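*Asks:* fold the following.
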Amino acid sequence: MLEIDDLRVQLDADAGLVRAIDGLHLALTRGETFALVGESGCGKSMTALALMRLLPENGRIAGGAVRLDGQDLLALPESRMREVRGGRVSMIFQEPSTSLNPVMRVGDQIVEAIEAHTPLRGTAARAKAIDWLARVGIPEPQRRIDDYPFRLSGGQKQRVMIAIALAAEPEYLIADEPTTALDVTIQAQILDLIRDLQRERQLGVLLITHDLAVVSGMAHRVALMYAGQIIEVAPAAEFFAAPKHPYARLLLQALPGAARRGEPLAAIAGTVPPLWMAFAGCRFAPRCDKAMSHCATTAPALAEEGPQHQVRCLLYSQPGEALPREPVVARVLMAAAPGQGEPLLDVRDLCVRFALKAPLFHRGPRYFNAVDGISFQLHAGRTLALVGESGCGKTTSGKAIVQLLRRQASISGQALFEGQDLFKLGGPALQQARRYIQIIFQDPFASLNPRMRVADVLEEGLIALRPDLDATARRERLHTLVDQVGLRRDALQRWPHEFSGGQRQRIAIARALAVEPRLIVCDEPTSALDVSVQAQILNLLRELQREQGLAYLFITHNIGVVEYIADEVAVMQAGRIVERGRCDEVLRQPTASFTQVLLKAVPRLVSITSRVDNG
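*Replies:* Sure, this is the predicted structure:
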């Protein structure tokens, strides 16, 4: 058993002492999948780092114990902990771009883990690494094993991280958002792989994720975290069938899908409170729709409310009269008008080729066609979703349209924005076009300058592309932006590394919105966000589209988001569009065999009881 007993983690920050984890109790057994869910910034990833003793320099474990089969890991010297870390307990980190060594080939990084924790060496270790690359779905593993991380897509880098974590076949796996950057087909493959390892080796899995559909299909038990504490623990079947905490109920109501199309999602107002605060009562009370007068002054304990079901809420231990609240008025969002007139963006026969290193004695250049002649149109006020497997060319298409690949690739075809071919623009004309075409990048950490505060990151675009705004107007614009994306205003004076992955994604979205563009290329804009923040962002994007006529090229693997926000869908495979049409037609009656396979792999909130009964 991997057991956490009264774990407390503290961080030193400019604002004061941050109590990132405040009295955590968990127990994970071999062969069990225990899911840890909750909003970004609530302490999920910090829990994982504490278990592995990989806290940042300003962090420390203030109390508690972490026991592996009765042995306290917190008491081990670092030399002994290295044997445990990766050998007995392994971890898949949330952001592969910052976890992979950029100057080491991916194969060397997998071999390093194999040689550190198994008897295999040399050729045998390399063969094992190739086998793991194949098992996690990397195409041509014999060739890709010698690639550097920068040559891989975001999803492929995540698969390499998974291979590193599983290569030594550990007893316990801590998976921090293991499938966030993966498309649904590879996600299903990875989850099946983890299930197979559980059966073969009785692998215990601590699954940290915001994807409740994945949780419903994988987890045996679920713990919901909020502001450094666990507020509900239950068997997965009970958690999804009858959640007890108000926060849990709101999370399930915030899930996007076809059934909620045309209406705002049930986003939870506000944000997770700063953890340097001294809490007197319930930490969720300011955002709770069931709050009572004594919730602000009485701290609830985690109490039994059924067999193996614990809840931290005064509704059950000290019920009282609910506080008066303004009635919620359900607004119906106007559907996007069918595309009429000239399209805002008209892409014709777009091809993107990258040069490959030629083998010795090979004559002439060699190329890889990342995008092979795609065409589509996008009208103002409409959303076109671009879906497909990782590495199929979705992100490359978006970057080519926004003119970010001019030096790295050979590009042909046309991308007409209001009749102007973006591929022929240069100088002031290109800079002017950049104001109206923005992009939200897939990896928020890699796209934010670590040497700039958030205020400088957001203001940089305003200074370059909105010279009509003075300093006062820019400052007011920054305040509006952080409010829109659900961040506190004190975030403006903090550095990117001080935020969680989901919070950094909100900053990236705010940066794209700053200059008031007309077209936004959204490259997995909600992949790193938890359910409640995803609902806020989707509501925001829909509202901005309705008010300003924004057009979105929405690159995503989340079919639930596509069902909710997209007007049209284009399905990509191997650099080509294999099916395109209205969202409801493509998703309900797909004609291409690849689309059918893609939709079959989509995780849904399923009947937990039948899965558990079947073992």
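*Asks:* surely Ser375 is in a strand?
*Replies:* Yes. Using DSSP: H, G, I helix; E, B strand; the rest coil, the assignment for Ser375 is a strand.
*Asks:* would you mark the buried spots in stretch 16-35?
*Replies:* By 16 or more other CB atoms under 10 Å, the buried positions in stretch 16-35 come out as Val18, Arg19, Ala20, Ile21, Asp22, Leu24, Leu26, Leu28, Glu32, Thr33, Phe34, Ala35. C-beta coordinates here come from the backbone N, C-alpha and C atoms, glycine included.
*Asks:* need the three-state assignment for the third one.
*Replies:* Classification of Ala20 by three-state DSSP places it in strand.
*Asks:* show the contacting residues for it.
*Replies:* Residues in contact with Ala20, defined by CB atoms under 8 Å, 6 or more residues apart in numbering, are Val9, Gln10, Leu11, Gly43, Met46, Gly59, Gly228, Leu275.
*Asks:* how near is Asp22 to Gly270?
*Replies:* Asp22 sits 19 Å away from Gly270 when distances are taken as CB to CB, to the nearest Å.
*Asks:* give the burial count for the closest residue to Met292 other than its chain neighbours, as a bare number.
*Replies:* Taking CB to CB, 6 or more residues apart in numbering, and ignoring the residues beside it in sequence, Met292 has Gly320 as its nearest neighbour in space, at 4.3 Å. Gly320 is flanked by 12 other residues according to other CB atoms under 10 Å.
*Asks:* numbering from 201 from now on, please.
*Replies:* From this message on, residue numbering opens at 201, which makes the last subject Gly520.
*Asks:* is Gly520 in contact with His494, as I believe?
*Replies:* Yes. Here Gly520 lies in contact with His494, judged by CB atoms under 8 Å, at a distance of 5.9 Å.
*Asks:* joint contacts of those two?
*Replies:* Both Gly520 and His494 are in contact with Leu514, where contact means CB under 8 Å, 6+ apart.
*Asks:* and Gln577, how far is that from Pro725?
*Replies:* As judged by CB to CB, Gln577 and Pro725 stand 22 Å apart.
*Asks:* dump the residue contacts of Lys269.
*Replies:* Quick fix: residue 269 reads Asp, not Lys. Contacts for Asp269 (CB under 8 Å, 6+ apart) come out as Met201.
*Asks:* now swap in Gln693 and tell me
*Replies:* When contacts are counted by CB under 8 Å, 6+ apart, Gln693 touches Arg653, Val654, Ala655.
*Asks:* could you rerun that using 10 Å?
*Replies:* The neighbours of Gln693, taking CB atoms under 10 Å, 6 or more residues apart in numbering as the test, are Asp214, Ala215, Arg653, Val654, Ala655, Asp656.
*Asks:* for Val209, same thing?
*Replies:* Val209 sits next to 218-222, 224, 243, 246-247, 249-250, 255, 259-264, 428 when contact means CB under 10 Å, 6+ apart.
*Asks:* filter those residues down to the ones in strands?
*Replies:* Among the contacts of Val209, the subset assigned to strands under DSSP state E consists of Val218, Arg219, Ala220, Ile221, Asp222, Leu224, Gly259, Arg260, Ile261, Ala262, Gly263, Gly264.
*Asks:* tell me the bridge partners for the fifth one.
*Replies:* Applying DSSP bridges to Asp222 yields these beta-bridge partners: Arg208.
*Asks:* tell me the pLDDT at it?
*Replies:* According to the predicted model, the pLDDT of Asp222 comes to 91.
*Asks:* correct me, but it touches Trp476?
*Replies:* No. Shown here, Asp222 and Trp476 do not form a contact pair, counting by CB atoms under 10 Å, at 11.8 Å.
*Asks:* domain map for this protein?
*Replies:* If the domains of the chain are taken from automatic domain parsing, they occupy 202-302+368-419, 545-560+567-800, with pieces of a single domain joined by a plus sign.
*Asks:* where do the strands of the stretch 351-500 of the chain begin and end?
*Replies:* With DSSP state E, counting those that start in this stretch, the ranges of strands along the stretch 351-500 of the chain come out as 372-376, 404-408, 421-426, 429-435.
*Asks:* as CSV, the ones you listed with distance to Pro500 and mean neighbour count would be great.
*Replies:* Supplementary listing: the strands of the stretch 351-500 of the chain in CSV, determined by distance: least, CB to CB, whole Å; neighbours: other CB atoms under 10 Å:
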stretch, distance to Pro500, mean neighbour count
strand 372-376, 28, 24
strand 404-408, 24, 23
strand 421-426, 11, 24
strand 429-435, 8, 23
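*Asks:* possible to save those as JSON lines with distance to Met772 and mean pLDDT?
*Replies:* Putting the strands of the stretch 351-500 of the chain into JSON lines (distance: least, CB to CB, whole Å; pLDDT from 0 to 100) gives the following:
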{"stretch": "strand 372-376", "distance to Met772": "27", "mean pLDDT": "92"}
{"stretch": "strand 404-408", "distance to Met772": "29", "mean pLDDT": "93"}
{"stretch": "strand 421-426", "distance to Met772": "34", "mean pLDDT": "94"}
{"stretch": "strand 429-435", "distance to Met772": "39", "mean pLDDT": "94"}
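*Asks:* quick check: chain neighbours aside, which residue is closest to Tyr447?
*Replies:* Nearest residue to Tyr447 in three dimensions, chain neighbours excluded: Phe484, at 5.3 Å (CB to CB, 6+ apart).
*Asks:* where's the one you found relative to Leu729, distance?
*Replies:* The separation that Phe484 has from Leu729, given CB to CB, amounts to 19 Å.
*Asks:* low pLDDT regions in the stretch 551-700 of the chain?
*Replies:* Low-confidence segments of the stretch 551-700 of the chain (pLDDT under 70): 558-564.
*Asks:* just the strands in it please.
*Replies:* Taking DSSP E, counting those that start in this stretch to define them, one finds strands in the stretch 551-700 of the chain at 566-578, 583-588, 610-617, 620-621, 637-640.
*Asks:* can you say which of those strands is nearest to Ile310?
*Replies:* When the strands of the stretch 551-700 of the chain are ranked by proximity to Ile310, the top entry is strand 566-578, at 22.9 Å, counting by CB to CB.
*Asks:* quick one: strands adjacent to that closest one?
*Replies:* For strand 566-578, sheet partners with direction are given as strand 545-556 (antiparallel), following DSSP bridges.
*Asks:* output the partner strand as CSV, nothing but the C-alphas.
*Replies:* This file holds the C-alpha atoms of strand 545-556, laid out as CSV (Å, rounded to 0.1, in the frame of the first residue of the first chain):
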residue,chain,number,x,y,z
LEU,A,545,-10.5,33.0,-44.1
ASP,A,546,-10.3,30.9,-47.3
VAL,A,547,-7.5,28.3,-47.3
ARG,A,548,-6.8,26.7,-50.7
ASP,A,549,-4.5,23.7,-51.3
LEU,A,550,-2.3,24.4,-48.3
CYS,A,551,0.9,22.3,-48.2
VAL,A,552,3.6,22.5,-45.6
ARG,A,553,6.8,20.5,-46.1
PHE,A,554,9.8,20.2,-43.7
ALA,A,555,13.3,19.3,-44.9
LEU,A,556,14.7,16.0,-43.5
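*Asks:* mind listing what's buried in it?
*Replies:* For strand 545-556, the buried set under the neighbour-count rule, 16+ other CB under 10 Å, comprises Leu545, Asp546, Val547, Leu550, Cys551, Val552, Arg553, Phe554.
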